[in-house]
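Visitor: Test case, fold it:
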Amino acid sequence: MAALSVPAGVYNVVEDAPMRRAELGAGLARLLGTRPPRFPPAWAVRFAGSVARQLARSERISNRKLRSASEWAPSYPTTLDGLAAIVGEGRATRMAS
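Guide: Predicted coordinates for the structure are as follows:
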């Protein structure tokens, strides 16, 4: 809804503190009670296909532009906080069934 009231342009809707894929993988594994994913070493990405290279790229993005143009703020401070809420809701729903 916040995007409806801002000037035309491109805005990133992302968390305040971005994390690395390895941190996300480890945190998600903790939430789900599984082993963290294994990522290929950086040198191997050079020899991989275009999809692997794209997934391995570091994307430096910020929500600063949207926050300054509107009253928007993320509902959860980090991706893992949001995922923890989703996992918790899913578990609660399954237990209630």
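
Visitor: Show me the shaky parts of the chain.
Guide: Counting by pLDDT under 70, the chain contains low-confidence ranges at 42, 45-49, 51-58, 90-97.

Visitor: what about the helices in it?
Guide: 21-32, 42-45, 50-56, 64-69, 79-96 (DSSP state H).

Visitor: burial measure for the closest residue to residue 69 other than its chain neighbours, as a count.
Guide: Spatially, and ignoring its direct neighbours in sequence, residue 69 is nearest to residue 6 (4.2 Å; C-beta to C-beta, 6 or more residues apart in numbering). Yep, even glycine has a C-beta here, placed from its N, CA and C like the rest. By other C-beta atoms under 10 Å, 14 other residues sit near residue 6.

Visitor: With residue 66 instead?
Guide: Count around residue 66 with other C-beta under 10 Å applied: 19.

Visitor: Return the residues in contact with the closest residue to it other than its chain neighbours.
Guide: Spatial nearest neighbour of residue 66, excluding adjacent residues (C-beta to C-beta, 6+ apart): residue 11 at 4.1 Å. Applying C-beta atoms under 8 Å, 6 or more residues apart in numbering to residue 11 gives the contacts 3, 63, 65, 66, 69.

Visitor: This completes my enquiry, with thanks.
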